[in-house]
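Enquirer: Predicted model follows, preceded by the sequence.
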Amino acid sequence: MPENSLGAPLALVDANDRQVGVAEKMECHEGEGILHRAFSVFIYGPDGRVLLQQRSAAKWLWPMYWSNACCGHPLPGEDVRQAARRRSQEELGINCQPRFLYKFRYQARYSRQHSENELCHVFEGDCSSVPKPNPAEVAAWRWVAPGELTREIDRFPERFSPWMKLEWDEIRRRFTR
């Protein structure tokens, strides 16, 4: 079953990122959520700009929000870096070699019924090709200069996914290009 399916199996993890079980994607995001493994990828173009995507209106969590280039969940037993590479291809039609930056745990409530509860691995990668996004995943995309992205998040935080804002803040503080 594809990772983007609501019935897809996700890896449940403990606070130390050890797999402790498997549950369906929908179940992992109900109520307060069940802690599971996830990833985010920030992709940079040759000129240093950051690739953003606007999540498809079909997404059931944070539809039409702007977010980092790619995010998702590795399938149980799948290497997280390989999952990030796979989803970059599936969502954006691009090949990149993600480099691990850090991981963190976060929770974010979307509605009374749904939330995120994830141990998220954050990656960065480089791409010189033009994205060819999957319209089921991506409503729009754009390249933006890092300073401009920071200003836009500060001015309009409600337009961005909660994980992306946290990750971008950490990337700005700890990782320089």
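Expert: Received it, and whenever you're ready, just let me know what you need. Numbering: from 1, shown residues only.
Enquirer: Show me where this protein has its helices.
Expert: Using DSSP state H, the helices of the chain run over residues 25-28, 80-92, 146-155, 162-174.
Enquirer: same for the second one, what does it pack against?
Expert: Applying 3 or more CB pairs under 8 Å, 6 or more residues apart in numbering; DSSP states H and E, one finds that helix 80-92 contacts strand 36-44, strand 50-55, strand 70-72, strand 115-126, strand 138-144. (Each C-beta comes from the backbone N, C-alpha and C, glycine too.)
Enquirer: Pick the most deeply packed of the helices of the chain.
Expert: helix 80-92 (a mean of 20; mean count of other CB atoms under 10 Å).
Enquirer: show me what contacts the residue nearest the centre of the chain?
Expert: Residue closest to the mean C-alpha point of the chain, counted by CA atoms, centre = their mean, is C71 at 2.2 Å. When contacts are counted by CB atoms under 8 Å, 6 or more residues apart in numbering, C71 touches 38-41, 87, 120, 161, 163-164.
Enquirer: Out of those, flag the one nearest to L51.
Expert: V41 (9.1 Å; CB to CB).
Enquirer: Could you count how many residues lie near the closest residue to the closest one other than its chain neighbours?
Expert: Once flanking residues are discounted, V41 sits nearest to C70: 4.3 Å by CB to CB, 6 or more residues apart in numbering. Using other CB atoms under 10 Å, C70 has 30 neighbouring residues.
Enquirer: isn't C70 right up against G93?
Expert: No: at 10.9 Å, C70 does not count as touching G93 under the criterion of CB atoms under 8 Å.
Enquirer: Was I right to think R159 contacts M64?
Expert: No: using CB under 8 Å, R159 makes no contact with M64, being 9.0 Å away.
Enquirer: count of neighbours near E124?
Expert: Number of residues near E124 (other CB under 10 Å) recorded here: 21.
Enquirer: for the residue nearest to it when sequence neighbours are not counted, what are its contacts?
Expert: Nearest non-adjacent residue to E124, counting by CB to CB, 6+ apart: F42, 4.7 Å away. Applying CB under 8 Å, 6+ apart, we find F42 in contact with 50-51, 68-69, 122-125, 167-168, 171.
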